[in-house]
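> Build me a model from this:
(2 chains)
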Protein chains: 2
Amino acid sequence: MLVRRRVDVHQDAVTEPGAEGARIRWLITREDGAPTFAMREIEVDPGGHTPFHSHPWEHEVFVLEGSGAVVGKKGETPLGPGSVVLVPGGEEHNFKNTGRATLRFLCLIPHPPA
Amino acid sequence: MLVRRRVDVHQDAVTEPGAEGARIRWLITREDGAPTFAMREIEVDPGGHTPFHSHPWEHEVFVLEGSGAVVGKKGETPLGPGSVVLVPGGEEHNFKNTGRATLRFLCLIPHPPA
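Residues are numbered from 1 along each chain as shown, chains lettered A, B, ... in the order given. Take a look at the predicted model:
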């Protein structure tokens, strides 16, 4: 059993082109012994956003704090604490901070094939 | 893309033997189109706990609010907001509320084979 605190996990800038003011912590990874999926926490500064992109894997998102929106092919949907998002694989999306404080959310993804 | 609020998801009592004062919301399920894993939110009343049990699948847990502990074969580890837990498949465990307010956490699991 692994128990840790989010604040003890190293945080990296999201450097993918199109990202702005976004940081990521990999809270649970394959290297930790997780066999199926990874848990990440993402923080976005006011005015910032994750890249608008698509990929073959799904996202399962839970918003912890802040105000934001998820952007998809049909426009924007507002998000706040307790918002839940499933982005299916292959669907273009990004997450942006629309508030004055940090937007913080969990974003879980399946492991890529080994 | 699916967007919903946790409060809009139906909450059920956890009725498994050994559970006390525990409730569950299935926030993202296979029926929603999630291909790999499910997101659930669990609430435990003060003094309550989930069943002490084991199963073949892993848990990935993120504590949202409250004070509690995860119990395993080596004893108890305290949990609070921002605690992260990986319980490997096959390992006995439960979660208990050790505080005076509701303990609330996300608990994600892989889908069983279809």
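
> who does the strand or helix carrying A:Pro46 touch, helix- and strand-wise?
Assigning secondary structure by DSSP states H and E places A:Pro46 in strand A:37-49. On a contact count with 3 or more CB pairs under 8 Å, 6 or more residues apart in numbering or on different chains; DSSP states H and E, strand A:37-49 meets strand A:20-28, strand A:94-97, strand A:103-110, strand B:59-65, strand B:103-110. (C-beta placed from N, C-alpha, C; glycine too.)

> how does it look with 6 Å?
Here strand A:37-49 touches strand A:20-28, strand A:94-97, strand A:103-110, going by 3 or more CB pairs under 6 Å, 6 or more residues apart in numbering or on different chains; DSSP states H and E.

> Present those strands as CSV; the columns should include mean neighbour count.
Conversion of those to CSV gives the following (neighbours: other CB atoms under 10 Å in any protein chain shown):
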stretch, mean neighbour count
strand A:20-28, 20
strand A:94-97, 23
strand A:103-110, 22
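
> could I get these as a markdown table with distance to chain B?
Shown next, in a markdown table, are the helices and strands packed on strand A:37-49 (distance: least, CB to the nearest CB, whole Å):
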| stretch | distance to chain B |
| --- | --- |
| strand A:20-28 | 5 |
| strand A:94-97 | 11 |
| strand A:103-110 | 4 |
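
> can you put these in CSV and add mean pLDDT and distance to B:Arg25?
Converted to CSV, the helices and strands packed on strand A:37-49 look like this (pLDDT from 0 to 100; distance: least, CB to CB, whole Å):
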stretch, mean pLDDT, distance to B:Arg25
strand A:20-28, 98, 21
strand A:94-97, 98, 22
strand A:103-110, 98, 15
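
> A:Phe37 is nearest to which of those strands?
strand A:103-110 (4.9 Å; CB to CB).
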